[in-house]
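J.: From the sequence below, what's the structure:
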Amino acid sequence: LENRVLFGSVNAHRQDWLAAVADLERARERWPEAVDQFVTLRVPLDRFQEAFDHRGGKATFVLSDSLPG
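T.: Numbers count the residues shown, from 1 in each chain. Purely as a prediction, here's the structure:
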């Protein structure tokens, strides 16, 4: 389908973001493999094009400034 989505949070409060992170941490403790399967590719920001070029059959990726380039 060649669908692409860029998603972010613009109007959420900091406490909402922290609550979401806490929820993901609890889910990861309970179902470690399941949560890890949601994110199928992790790419440093300086290599963001790789995420959009990725054709691994999975659609979820993370761009991060804390991953090694």
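J.: avg pLDDT for the helix ranked longest in the chain?
T.: Ordering each helix of the chain by length in residues (DSSP state H) puts helix 14-30 first. When the per-residue pLDDT values of helix 14-30 are averaged, the result is 85.
J.: Who are the packing partners of that helix?
T.: The criterion is 3 or more Cβ pairs under 8 Å, 6 or more residues apart in numbering; DSSP states H and E, and the helices and strands that helix 14-30 contacts are helix 32-38. Placement of C-beta: from N, CA and C, glycine included.
J.: Residue 12 and residue 66: what is the separation?
T.: Taking Cβ to Cβ, to the nearest Å as the measure, residue 12 falls 20 Å from residue 66.
J.: Those two: who's more crowded?
T.: Neighbours of residue 12 and residue 66, each counted by other Cβ atoms under 10 Å, are more numerous for residue 12; the result is 11 against 7.
J.: Regarding the more buried one, what is its secondary structure?
T.: coil (DSSP: H, G, I helix; E, B strand; the rest coil).
J.: you'd agree residue 65 is up against residue 45?
T.: Yes: using Cβ atoms under 8 Å, residue 65 is in contact with residue 45, at 4.9 Å.
J.: Tally up the residues packed near the closest residue to residue 28 other than its chain neighbours, please.
T.: Using Cβ to Cβ, 6 or more residues apart in numbering and skipping residues adjacent in sequence, the residue nearest residue 28 is residue 35, 4.4 Å away. Residue crowding around residue 35 was assessed by other Cβ under 10 Å; the count is 15.
J.: please begin residue numbering at 14 from this point
T.: Happy to do that; since the first residue is 14 now, the last one works out to residue 48.
J.: Tell me the predicted confidence for residue 48.
T.: We have a pLDDT of 74 for residue 48.
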